[in-house]
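Student: Build me a model from this:
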Amino acid sequence: MKLGKRALVILLEVLVVLLVFVYTLYGFDVVSFIEALRNVDAWDILPIVVFELAYYFSHAAAFWLLCRKRFSISMWEALGGSMLAWLVDILLPGAFVEGDIARAIFLKTKSDWPSAVSYTIFFRFLINVTMVVFIVFTSLLAINLLKFYEEYLVLYLGIVVATLLASLLLVLVLTKPLLVKNVAVFLARKAKVKRLEKFEKDLENFLSLVAEASRDFNFRNIHLWGAVAFLFLQWVSGILTPFFSLRAVGANVNLALIGPGYTILTLYSLASIGIPFMVGSIDAALLSLYLLLGVPREKALAATIIGRSVTILTSLLVIYPIGMFFAKKVFSSRNISVLKESIKRAAAEYGFAYTFSESSSTG
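Tutor: Coordinates of the predicted model:
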């Protein structure tokens, strides 16, 4: 029986994860591993928790500063929308696509679709750009210490270039609606969409409204730069979490070295095997990073277990309750019904084949 593309990708990812763990356990000293865990106390865990929370809350603050004026949302609502997006990403890992869709649906409850789409795209653009700048900046700080990254240069450059290209595509959606329309019409023609002229006209109107909403993104706007600052704080918090995880088990690593490696390997692990909390892929990515930094196997595994335990507990105690609270509001029966009717109407008008399961909504 032939394996589908998705099955092959999953199989490859499982093999990579298994290889990392097998390599880690080769020559593994159980006594040293237990000793590393026994030496950890509550004060070692505290900074990990603080920066794990700072990672998520700074992301929410950036989202709030960007959207507060157009959507009239409070910091609590921005936190809820962010936790909702994180929750969807955690439960349905897929390179943040599902989370961005959830974010757009959340913003739609506060305004119209063009504004929601425009702001969701621009926020993703800011995330991508700040991440690339952070990678490059930390790499420059550690330029004399990056000898062991040389064999990963192709991966490093590939991710930086790919992220920049993705950012460019996002900008094109916001600033070049005609180009986006032509591509969409070409694809619709290939798919033999009915009433192509109406589809083209409606799409043009929608994209023009998206582009109009994007005019809010004035680079002289202090709130925009505040959002950028909080996104950089998110990335700084992101490298401090593994840094203190390593410190907790007695492994001292130059902080500047974690920046490029942690960010790149985390990005690399986004091709998740679809397990909630990205269990397996993120763990293998962190283990690879720690081993690459020269951390002994036993301490690398101990640091991974501690850091990931804090992440998962944070998700269960903070992200899950807040995300579920807002999920019940955003994905209420009424909102889902409106969304279904809009898609059904579009499907009927343009000849798309689309069906919904009759599963119950959140309520």
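
Student: if I pick residue 110, what's in contact with it?
Tutor: Counting by Cβ atoms under 8 Å, 6 or more residues apart in numbering, residue 110 makes contact with 71-73, 77, 116. Every C-beta, even on glycine, is put in place using the N, C-alpha and C of the backbone.

Student: for it, helix, strand, or coil?
Tutor: coil (DSSP: H, G, I helix; E, B strand; the rest coil).

Student: Now do it, the pLDDT please.
Tutor: We have a pLDDT of 90 for residue 110.

Student: Any chance of the backbone angles for it?
Tutor: Dihedral angles of residue 110 (phi, psi; degrees, to the nearest 10) stand at phi -110, psi -10.

Student: Output the below-cut-off pLDDT ranges for the stretch 201-350 of the chain.
Tutor: Regions of the stretch 201-350 of the chain meeting the criterion pLDDT under 70 cover residues 262-280, 333-350.

Student: give me that answer again for 80
Tutor: Counting by pLDDT under 80, the ranges of the stretch 201-350 of the chain that qualify are 201-220, 256, 259-285, 331-350.

Student: element containing residue 77?
Tutor: Here residue 77, judged by DSSP states H and E, is contained in helix 75-91.

Student: re the thing from before, which of the contacts of residue 110 fall in helices?
Tutor: Using DSSP state H, the members of the contacts of residue 110 that fall in helices are 71, 77, 116.

Student: Which one (most neighbours) among those?
Tutor: residue 116 (23 neighbours; other Cβ atoms under 10 Å).

Student: who's in contact with it?
Tutor: Applying Cβ under 8 Å, 6+ apart to residue 116 gives the contacts 104-108, 110.

Student: CA-only coordinates of the helix or strand hosting residue 204 in PDB, if you can.
Tutor: In this assignment (DSSP H and E), residue 204 forms part of helix 196-213. Extracted in PDB, the C-alpha atoms of helix 196-213 (Å, rounded to 0.1, in the frame of the first residue of the first chain):
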ATOM      1  CA  LEU A 196     -15.900  33.400 -12.300                       C
ATOM      2  CA  GLU A 197     -16.600  37.100 -13.100                       C
ATOM      3  CA  LYS A 198     -18.600  37.500  -9.900                       C
ATOM      4  CA  PHE A 199     -15.800  35.700  -8.000                       C
ATOM      5  CA  GLU A 200     -13.200  38.100  -9.500                       C
ATOM      6  CA  LYS A 201     -15.200  41.200  -8.700                       C
ATOM      7  CA  ASP A 202     -16.000  40.200  -5.100                       C
ATOM      8  CA  LEU A 203     -12.400  39.200  -4.500                       C
ATOM      9  CA  GLU A 204     -11.200  42.500  -5.800                       C
ATOM     10  CA  ASN A 205     -13.500  44.400  -3.600                       C
ATOM     11  CA  PHE A 206     -12.500  42.400  -0.500                       C
ATOM     12  CA  LEU A 207      -8.800  42.700  -1.200                       C
ATOM     13  CA  SER A 208      -9.200  46.500  -1.700                       C
ATOM     14  CA  LEU A 209     -10.800  46.700   1.700                       C
ATOM     15  CA  VAL A 210      -7.900  44.600   3.200                       C
ATOM     16  CA  ALA A 211      -5.400  47.000   1.600                       C
ATOM     17  CA  GLU A 212      -7.400  50.000   2.900                       C
ATOM     18  CA  ALA A 213      -7.300  48.600   6.400                       C
END
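
Student: Against which helices or strands is the next helix or strand after that helix packed?
Tutor: Proceeding N to C from helix 196-213, the next assigned helix or strand is helix 222-248, under DSSP H and E. Where contact means 3 or more Cβ pairs under 8 Å, 6 or more residues apart in numbering; DSSP states H and E, helix 222-248 is packed against helix 42-71, helix 113-141, helix 255-268, helix 281-292, helix 297-314.

Student: Pipe those into a markdown table and attach distance to residue 174 per row.
Tutor: Converted to a markdown table, the helices and strands packed on helix 222-248 look like this (distance: least, Cβ to Cβ, whole Å):
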| stretch | distance to residue 174 |
| --- | --- |
| helix 42-71 | 13 |
| helix 113-141 | 6 |
| helix 255-268 | 23 |
| helix 281-292 | 31 |
| helix 297-314 | 32 |
